[in-house]
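Student: next come a sequence and a model predicted from it.
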Amino acid sequence: MTDDRVCVLMNARAGKDDKQDVAKQLEAAFERYPGRFELRVMGRGTGVADSCARAMKDGFGIIVAAGGDGTISGVAGQLAGTGRRMGIVPQGTFNFVARGLGIPEDIDEAVDLIATGTARPFPVGEVNGEIFLNNASLGIYPQILKEREGTYKRWGRSRVAAHWSVLMTFLSFNSPVRMTVRVGGDVIRTKTPLAFVARSAFQLEHYGLDGADCIREGEFALFLLPDVTRWQLLLRALRLARKGMQPDRDFELICGTDIEIETKSHSQLVAMDGERVRLSAPFRFQMHPEALHVIAPEDSPAT
């Protein structure tokens, strides 16, 4: 049996804030709800899967991800289909999931929402058994994440560092992927530096991209970039930063609930919500509309 007790799983490495200070702020907020909250810190060697499994075994009815989009996606992947409710305390660099749901970034407000709010259905994407909330992609984006990790180590976490890693990767990338894409009976054969499957309408609107309406209708928005030179890739990165990307000129947009991508390589690195994982081809993307229930404001678009 589960109950209304809340287990907060905090990623000690997410975001820029001092996590000792964050922990103190959380504990202070918990005092308003005696006996309901427990904080568990996930550091090096402590995996999200094991932490979630222990929290569920201990009977917590609400499990909270305190971290960035990668941490939130990891917790969501463990809770999807379990019936457990999920809460979020945003602690990342971009916080697209939390911002899209209208979850406050202030710690006190986020804790109050978790203690008093209502869980709402939240659609999740899945590719070959792996859950994602914002996006999943093949091609250049996994390389961007690799470059970003090195940039963060040298200069620290920031949105400027994240955008810098995009520019550096675009200037050096030379490995477009040949693929066959199947969506709703249509077959597309292409060579592209990026196949980007979006599930977050908020993230697309944040970057001025089309496709948000597809997502609101329960579909994925698939972006395929043309096979262009490095400088043309860089130009598209600059247009993205200025919210000036346009369909047909800069990308092909395809909407659908079930997407299959087949590549010549047996396996590929796939980027999902800021994390990288190697998966075997073909890559099958599916939408699960009510696999997860997230505590969010009443006017949240989660439903």
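Tutor: It's in.

Student: low-confidence stretches in the stretch 151-300 of the chain?
Tutor: 155, 170-171, 300 (pLDDT under 70).

Student: what ranges do the helices span in it?
Tutor: With DSSP state H, counting those that start in this stretch, the ranges of helices along the stretch 151-300 of the chain come out as 159-172, 201-206, 212-216, 230-241.

Student: which elements pack onto the lengthiest strand in the chain?
Tutor: Across the chain, the strand with the greatest residue count (assigned by DSSP state E) is strand 283-296. Contact here means 3 or more CB pairs under 8 Å, 6 or more residues apart in numbering; DSSP states H and E; on that basis strand 283-296 packs against helix 69-79, strand 85-90, helix 107-116, strand 118-127, strand 258-263. Heads up, the C-betas are built off the backbone N, CA and C, glycines and all.

Student: pull out the buried residues from the last one.
Tutor: Taking 16 or more other CB atoms under 10 Å as the neighbour-count basis, strand 258-263 is seen to contain the buried residues 259-261, 263.

Student: greatest separation within the residues you listed: which pair is it?
Tutor: Spatially, the most separated pair among the buried residues of strand 258-263 is I259 and T263, at 13.3 Å (CB to CB).

Student: how is this protein divided into domains?
Tutor: According to automatic domain parsing, the chain is divided into the following domains: 6-116, 132-287.

Student: turn the helices and strands packed on strand 283-296 into a markdown table, columns for distance to V270.
Tutor: As requested, the helices and strands packed on strand 283-296 are exported to a markdown table (distance: least, CB to CB, whole Å):
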| stretch | distance to V270 |
| --- | --- |
| helix 69-79 | 13 |
| strand 85-90 | 23 |
| helix 107-116 | 30 |
| strand 118-127 | 6 |
| strand 258-263 | 10 |
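
Student: can I get stretch 53-72 as PDB, trimmed to CA atoms?
Tutor: Listed next in PDB are the C-alpha coordinates belonging to stretch 53-72 (Å, rounded to 0.1, in the frame of the first residue of the first chain):
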ATOM      1  CA  ALA A  53      13.000   1.400  -6.200                       C
ATOM      2  CA  ARG A  54      13.900   2.000  -2.500                       C
ATOM      3  CA  ALA A  55      11.400   4.800  -2.200                       C
ATOM      4  CA  MET A  56       8.600   2.700  -3.600                       C
ATOM      5  CA  LYS A  57       9.500  -0.300  -1.500                       C
ATOM      6  CA  ASP A  58       9.400   2.000   1.600                       C
ATOM      7  CA  GLY A  59       5.800   2.900   0.700                       C
ATOM      8  CA  PHE A  60       6.100   6.500  -0.400                       C
ATOM      9  CA  GLY A  61       3.000   7.500  -2.400                       C
ATOM     10  CA  ILE A  62       4.600  10.600  -3.900                       C
ATOM     11  CA  ILE A  63       8.200  10.600  -5.300                       C
ATOM     12  CA  VAL A  64       9.800  13.900  -6.100                       C
ATOM     13  CA  ALA A  65      12.600  14.700  -8.600                       C
ATOM     14  CA  ALA A  66      14.700  17.600  -7.300                       C
ATOM     15  CA  GLY A  67      17.000  18.300 -10.200                       C
ATOM     16  CA  GLY A  68      17.100  19.200 -13.900                       C
ATOM     17  CA  ASP A  69      15.300  17.700 -16.900                       C
ATOM     18  CA  GLY A  70      17.600  14.700 -17.000                       C
ATOM     19  CA  THR A  71      16.900  13.800 -13.300                       C
ATOM     20  CA  ILE A  72      13.200  14.500 -13.800                       C
END
